[in-house]
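Chemist: Quick one, what's the 3D model for this:
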Amino acid sequence: MTAAPLVPRSAAEQAKLESALVEMFEQRIVFNQVLGLKVDSVQPGDVRAHFAMRPELVGHFTYGRLHGGVISSVLDVMGGLVLMVGIAARHPHDSAAQVLQRFSKMSTIDLRVDFLRPGLGSHFLASADITRLGGRVASTQMRLTNPEGTLIATGAAAFVVA
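Modeler: Next up is the predicted model:
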């Protein structure tokens, strides 16, 4: 008996997946709301988000610098988001629900942050790329910039993905 051929996600199902990813990262992960994170793109090769500077995010009250924990958290979130996009691209036959189910198995196992400059700006832009997407472990690289494009911090992370 021959298995039925796999059918790739339709454009409508892909749009549903992208919308669900944005909703999950902006609304369902409540800590991301605390950060004020807004997703700009969930396209393979172009995963970006931004957040506004607010008094609640200040770490150095004298200078109004972004807290290092906020920087680390945003980079960690971006690593997870880029992996969800990468996993979806790796499994083009999975429905949006099947891809989202894979999120339940993901977990950060290592995170390195390099703080390069003070976190100064009215808002910040974050982006991420996958460096390796294995069957069990994946690696990412993330960046945080200010509105002028100045690199504030970089991150590298490893995640369990299965």
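Chemist: Distance from the chain centre to stretch 58-73, please.
Modeler: Computed by Cα atoms, centre = their mean, to the nearest Å, the chain-centroid distance of stretch 58-73 equals 20 Å.
Chemist: Show me where this protein has its helices.
Modeler: 11-23, 30-35, 68-90, 96-102 (DSSP state H).
Chemist: Now do the buried residues in the longest one.
Modeler: In this case it means helix 68-90. Under the neighbour-count criterion of 16 or more other Cβ atoms under 10 Å, helix 68-90 has 70-88, 90 buried. The way it works is simple: take the backbone N, C-alpha and C, and place the C-beta from them, glycine included.
Chemist: What about the residue nearest to V160 when sequence neighbours are not counted, how many residues nearby?
Modeler: Distances taken as Cβ to Cβ, 6 or more residues apart in numbering place S107 nearest to V160, at 4.8 Å, with adjacent residues excluded. Per other Cβ atoms under 10 Å, the neighbour tally for S107 reads 10.
Chemist: what's the answer for the one 4 residues further on, then?
Modeler: Around L111 sit 17 other residues, with neighbours defined as other Cβ under 10 Å.
Chemist: Could you do the one 10 residues further on as well?
Modeler: Burial of G121 is recorded as 19 neighbouring residues (other Cβ under 10 Å).
Chemist: And the pLDDT at it?
Modeler: In this model, G121 is scored at 96, pLDDT.
Chemist: Enumerate every residue touching the residue nearest to it when sequence neighbours are not counted.
Modeler: Distance criterion Cβ to Cβ, 6+ apart; nearest residue to G121, sequence neighbours excluded, is N146 at 3.3 Å. Listed by Cβ atoms under 8 Å, 6 or more residues apart in numbering, the contact partners of N146 are 119-121, 123-125, 152.
Chemist: now those residues in TSV, with distance to A12?
Modeler: Shown next, in TSV, are those (distance: Cβ to Cβ, whole Å):
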residue	distance to A12
G119	40
L120	43
G121	38
H123	33
F124	33
L125	30
I152	38
